[in-house]
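Student: predicted coordinates and the sequence they were generated for:
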Amino acid sequence: MQLALPFGRAPLKPPPPRGPVTPPSPPKGRAALESRIRRALSVPADLVVTDNRRTMISTKRRGDRLEVRLHHMFLDAPDGVVEELLTYLSEGDARSSRRITRFIESNRHRIKARRRRVLLRTRGSHHDLAAIFEEVAAFFPEGLDGVRITWGKEPPKSRRRRSSIRLGTYTHDQQLVRIHPALDQPEVPRFFVAFVVFHELLHHVVPAERRSGRIDYHPPAFRKRERTHPDYTRATRWETENLDLLLSYRTGPSRPARHRPKVSRSGPT
């Protein structure tokens, strides 16, 4: 990765400083890092900062210049890591490579998660989630920027009556609410669908808490705010009284359940 180029007469060196001098802290940022890369490689080089998910470091020749592509985590990396990076770029040193790998692993949370493309389907046969979402958003003065909603996939038909059903989910990295299609039935009232949507949106604004070594996705603050919904009592009562309707969605003739049936409004995924 080195290229010897002819240079003119070397500039005069500045006189050595008098007395002890404390070296300044290396500057941070893109321009500073690019300058250090150019000095280390001894070739014309350009820095491209990326937000890649897989390739954290790469180089490519572009004519007589070298393009160095680095993930943005390196912009504020400690000076020791930058020195290892420069050694790796100029010499391909294996030891530096291992140290850089450890730095990348410790900063994996800064690598953007892949956002899968999701086909949103809000208009159902009986309920329109887009309209319900707009109404429920009024309960969130802090805003719901970026949050999306869709009906979930239809489950396969089964001869066996299910013993549990998850009515909704909220996925943090996608900021996506999915509602089980079992709620898109004429027998399911609109106010109940709206309450399930409200519950899932609460996961967007009320963080989970670690309690007794476990993550509680429905901490006291969550439950307290959930009970402020005007249809809380009516919705929870309807759910209790209509378990069979929800559990028998897309199943054959009802059979006695072996276990106690369970209906849940989920925690985040």
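Tutor: Yep, that arrived. Residues are numbered from 1 along each chain as shown.
Student: all helices of the stretch 1-150 of the chain, in order?
Tutor: 30-41, 79-91, 94-106, 129-136 (DSSP state H, counting those that start in this stretch).
Student: roughly how far is stretch 146-157 from the heart of the chain?
Tutor: Stretch 146-157 sits 19 Å away from the centroid of its parent chain (C-alpha atoms, centre = their mean, to the nearest Å).
Student: need the strands for the protein, in chain order.
Tutor: Remark: strands assigned in the chain by DSSP state E are 45-50, 57-62, 65-71, 148-151, 164-166, 168-171, 176-179, 209-211, 214-216, 262-264.
Student: what does the first one rub up against?
Tutor: The reference is to strand 45-50. If you take C-beta atoms under 8 Å, 6 or more residues apart in numbering as the criterion, strand 45-50 is touched by 30, 33-34, 37-38, 62, 65-72, 75. For the C-beta atoms, the positions are set from N, CA and C on the backbone; glycine is no exception.
Student: give me the distance from that strand to the chain's centre.
Tutor: Relative to its parent chain, strand 45-50 has a centroid offset of 25 Å by C-alpha atoms, centre = their mean.
Student: please save the CA atoms from it in CSV.
Tutor: Extracted as CSV, the C-alpha positions of strand 45-50 are listed here (Å, rounded to 0.1, in the frame of the first residue of the first chain):
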residue,chain,number,x,y,z
ALA,A,45,-4.7,9.7,-0.1
ASP,A,46,-8.4,10.7,0.4
LEU,A,47,-10.6,9.6,3.4
VAL,A,48,-14.2,8.6,2.8
VAL,A,49,-16.3,8.1,6.0
THR,A,50,-18.9,5.4,5.7
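Student: buried stuff in it?
Tutor: Ala45, Leu47 (16 or more other C-beta atoms under 10 Å).
Student: just the fifth one next, same as before
Tutor: Across strand 164-166, burial judged by 16+ other C-beta under 10 Å covers Ile165, Arg166.
Student: and the pLDDT for the spatially most central residue of the chain?
Tutor: Closest residue to the average C-alpha location of the chain: Asp173 at 3.0 Å, with C-alpha atoms, centre = their mean. pLDDT, Asp173: 80.
Student: neighbours of the closest residue to it other than its chain neighbours, just the number please.
Tutor: Leaving out its chain neighbours, the residue that sits closest to Asp173 by C-beta to C-beta, 6 or more residues apart in numbering is Ala113, at 4.6 Å. When neighbours are counted by other C-beta atoms under 10 Å, Ala113 registers 10.
Student: from Arg53, how far off is Ala113?
Tutor: Applying C-beta to C-beta, to the nearest Å, one obtains 8 Å for the distance of Ala113 from Arg53.
Student: what does Glu209 give?
Tutor: Separation of Glu209 from Arg53 (C-beta to C-beta) stands at 29 Å.
Student: what about Arg98, distance to Glu84?
Tutor: Counting by C-beta to C-beta, the gap from Arg98 to Glu84 is 9 Å.
Student: of those two, give the one with the bigger neighbour count.
Tutor: The residue with more neighbours, out of Arg98 and Glu84, is Glu84; 21 against 11, by other C-beta under 10 Å.
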